[in-house]
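Novice: Need the 3D shape of this:
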Amino acid sequence: AMAQAALGAAGLHFDELSKLRVLDPDVAQQTAQLREECKAFVDKIVEFQKTVGSLIELVDQLAKAAESEKMKAIGARNLLKSIAKQREAQEQQLQALIAEKKMQLERYRIEYETLCKIEADQNEFIDQFIFQK
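Specialist: Have a look, this model is predicted:
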């Protein structure tokens, strides 16, 4: 025991296998335990980084998908707007065509009435001419 104390004072120790060690067996055991805990901690951090990485990847994919859907929706909305504008333009063209045809009809009606009057006048002239003979 005295030799062990003298060795301990010199910084030398015997382990459980009676091998001479520079480090106190308790300190050596605590160091080994700390090393194991650090390794376990590092493994957990690596696992956490992987999980976070795959989560970020998933969020990126979802963001891209959402952006793609947003662009599709904008495209569809713009298409609907342009279709509505085309319909409006078509409607205006048709209204203009209707107005033009109405005016043409009115001209034809007036022309017809004029021709009817001329025909009546000519028939009257013919009748008078026949009766004069």
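Novice: Quick check: residue 53 vs residue 40, distance?
Specialist: 20 Å (Cβ to Cβ, to the nearest Å). In short, each C-beta sits where N, CA and C put it, glycine included.
Novice: hang on, I meant residue 27
Specialist: Taking Cβ to Cβ, one finds residue 27 at 20 Å from residue 40.
Novice: Likewise for residue 48?
Specialist: 12 Å.
Novice: Quantify the burial of residue 29 by counting its neighbouring residues.
Specialist: Using other Cβ atoms under 10 Å, residue 29 has 13 other residues around it.
Novice: Now for it: which residues touch it?
Specialist: Counting by Cβ atoms under 8 Å, 6 or more residues apart in numbering, residue 29 touches no other residue.
Novice: you'd agree it is in a strand?
Specialist: No - read with DSSP: H, G, I helix; E, B strand; the rest coil, residue 29 is helix and lies in no strand.
Novice: Give me the residue ranges of the chain where confidence is low.
Specialist: For the chain, the stretches flagged by pLDDT under 70 are 3-4, 7-12, 14-17, 20-25, 133.
Novice: where along it do the helices fall?
Specialist: Along the chain, the segments classed as helices by DSSP state H run 2-9, 25-132.
Novice: how about those helices in CSV, adding distance to residue 19?
Specialist: Output for those, formatted as CSV (distance: least, Cβ to Cβ, whole Å):
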stretch, distance to residue 19
helix 2-9, 12
helix 25-132, 10
